[in-house]
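sequence? don't have it. structure:
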């Protein structure tokens, strides 16, 4: 009998979905980044849950305050990708019995700081005894039906864009988990990316208002995987000419003799938005994101072939759909 | 430095609340059984999260299907107490890496069965790697502001009532955890109470519609503790003349030389509703609950003294606020 470590998270989710009765007329299908319930003709209730588990999601050196804040960022990032403002959150906390009072306060303060950073409030929750730190969050928002950016709206010849550079988080995890080295001038900036990730909420909200975005996802499972998911949901391919690397990631790759593109493509826990944009509305999208102090970096275009191709420095490369996945033996 | 095992769950929640910024004008205060967000002048979005942890919440002999269903019942029961219909749920699942495919299906089927039993749908969620089974659920519903039954509305001289008898779950846990004995004619009925708890949803909805209920809570932390919580929130005391015991619990207590009242008062994981009712509307409440096939059992009245007193069989006894609490050394 196969186990989760054999089949991986994505297959596990398929198994689960097979067992569930589907609500009739779901406004947002299973498999997108948030769920929805229709409040009336116009408005949707938007819902999302995600869990942080101490053992797998809290790297060495991350404080409990940072772990709690990161649990919030993970959830908010999906709201950002859908262009929906998070309003309130519930927290279900699992903690070991020997957790200290000071640690409980630190976790709570980190949760509150994360929520407030993005304008949301924590309005309820519960606590439980567990053998590891478990922070399960649920986030709620309201949106007009047509303002939610799905994974499935990309059309061929759309412009593909991202909201920032890639590779720092991968580099950071390689420092923490694989003992890679980095000199002081890039070390702290790289670890900052791991310990204090940011969700691109104001960017996502501005882009949703611009009506220029046809599909979106965040890059939390890695850029390659995000593109693969958009490709699957929208039935398009990608032709990329540019993968924007963080300077620190380029330097880190050089020093540790790694392929910098691998760092950028197959990372994870990086919370940039990956978007397809109606090319005739590009200026509008760019103006919207600049108005909130963000960046929109063009990386390619969508195609009708269901492949992800990167052509850079005169070389052509097919990007495989690999990315972070729970349960898999590593 | 004190730890959770020293301070217990209730003090832990106080610590957490101290660290949180409060949303202005919360429609339902922290500490009640559900949270709320105002949708418009009339309607509230009702939210609830609760977590089942394998190690502490799944007794010996309970199947994964039953554990998953129980996670749903735990959450629905709070909606029942507030008189709010649950509409949709999200599931955040933590599972060990060696969980079998069959087990994943069993958990999913149990979750779905629980949701459908109470008319709700599971519309989203996520999966995570954890060292123990973690089922964190969030439930959502909609309610008119004045239809939600809070803990805080009881007035002196209200009638106190419950929706069923007590003691079977305590007896069951004593069989499973403390090797107490029970003959076959009561054994299966007692274990059924542990493995297949029911939430009193139709009763709660009918009572909310009757407008006769002034405050309510479920008895999931034990009847004594539920009364204590209502007492605290409503600033009343209780004078009880009757604690309805399940026949099986009476027999079980006799055989094992236990105080049957202890079984009824200090159990937990029993999901009856504990209610205070405007005495002039008692008939209306009774009619409402009978119309859905439920029972309303009068157990006493509220008082102005902040004490819980039981007078039965010519004996007077003060009921201490003890009940199930996470983290505490036992």
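Noted; the coordinates are in hand. These numbers come from a predicted model, not from an experiment.

list the buried residues of the host helix or strand of residue A:143.
Assigning secondary structure by DSSP states H and E places residue A:143 in strand A:134-144. Buried positions in strand A:134-144, judged by neighbour count with 16 or more other CB atoms under 10 Å in any protein chain shown: A:134, A:135, A:136, A:137, A:138, A:139, A:140, A:141, A:142, A:143. In short, each C-beta sits where N, CA and C put it, glycine included.

restrict those residues to contacts with chain B.
A:134, A:136, A:138, A:140, A:142 (CB under 8 Å from any CB of the partner chain).

who is the fourth one paired with across the strands?
I take that to be residue A:140. For residue A:140, the beta-bridge partners are residue A:47, residue A:88 (DSSP bridges).

isn't it right next to residue A:45, touching?
Yes - Residue A:140 lies in contact with residue A:45 (CB atoms under 8 Å); the separation is 6.8 Å.

what touches both of those two?
Counting by CB atoms under 8 Å, 6 or more residues apart in numbering or on different chains, the shared contacts of residue A:140 and residue A:45 are B:45, B:140.

on that earlier part again, export the ones next to chain B among the buried residues of strand A:134-144 to CSV and tack on distance to residue B:158?
Shown next, in CSV, are these (distance: CB to CB, whole Å):
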residue, distance to residue B:158
A:134, 39
A:136, 37
A:138, 34
A:140, 34
A:142, 37
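
make TSV out of these and add distance to residue B:243 and pLDDT.
As requested, those are exported to TSV (distance: CB to CB, whole Å; pLDDT from 0 to 100):
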residue	distance to residue B:243	pLDDT
A:134	36	97
A:136	36	98
A:138	36	98
A:140	39	98
A:142	45	98
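
any idea of the pLDDT on residue A:323?
Residue A:323 is assigned 72 on the pLDDT scale.

quick one on the thing from earlier: could you give the angle of the strand holding residue A:143 to strand B:134-144?
Strand A:134-144 runs at 30 degrees relative to strand B:134-144, counting by axes from the mean of the first three to the mean of the last three CA atoms, to 10 degrees.

next one: the most centrally placed residue in chain A from chain B, what distance?
Of all residues in chain A, the one closest to the mean position by CA atoms, centre = their mean is residue A:220, 3.1 Å from it. Going from residue A:220 to chain B by CB to the nearest CB, to the nearest Å gives 11 Å.

distance of that residue from residue B:97?
Distance from residue A:220 to residue B:97, counting by CB to CB, to the nearest Å: 20 Å.

about what we covered before: in CSV: the buried residues of strand A:134-144, plus distance to residue B:195.
Formatted as CSV, the buried residues of strand A:134-144 follow (distance: CB to CB, whole Å):
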residue, distance to residue B:195
A:134, 24
A:135, 29
A:136, 25
A:137, 30
A:138, 27
A:139, 33
A:140, 33
A:141, 37
A:142, 39
A:143, 41
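
got the end-to-end distance for stretch A:209-227?
End-to-end distance for stretch A:209-227: 23 Å, by CA to CA, to the nearest Å.

show me which residues of that stretch are buried.
Of all the residues in stretch A:209-227, those buried under the rule 16+ other CB under 10 Å are A:210-227.

packing partners for the longest helix seen in chain A?
Ranked by residue count under DSSP state H, the longest helix found in chain A is helix A:64-82. Counting contacts by 3 or more CB pairs under 8 Å, 6 or more residues apart in numbering or on different chains; DSSP states H and E, helix A:64-82 packs against strand A:43-53, helix A:54-57, strand A:86-95, helix A:101-117, strand A:134-144, helix A:201-210, strand A:213-218.

okay, residue A:15 and chain B: tell me how far apart.
Separation of residue A:15 from chain B (CB to the nearest CB): 5 Å.

give the closest residue to that residue in space, chain neighbours not counted.
Nearest non-adjacent residue to residue A:15, counting by CB to CB, 6 or more residues apart in numbering or on different chains: residue B:104, 5.1 Å away.

I'd say the one you found and residue A:17 touch.
No - Residue B:104 is beyond contact range of residue A:17, at 11.0 Å (criterion: CB under 8 Å).

how about the residue in the stretch 201-330 of chain A positioned nearest to chain B, secondary structure?
For the stretch 201-330 of chain A, the residue positioned closest to chain B under CB to the nearest CB is residue A:326, at a distance of 4.6 Å. Residue A:326 falls in the coil class when you classify it by DSSP: H, G, I helix; E, B strand; the rest coil.

element containing the closest residue to it other than its chain neighbours?
Among residues not flanking residue A:326 along the chain, residue A:9 sits closest, at 4.1 Å (CB to CB, 6+ apart). Assigned by DSSP H and E, residue A:9 falls within helix A:4-19.

what's the angle from that helix to helix B:64-82?
50 degrees.
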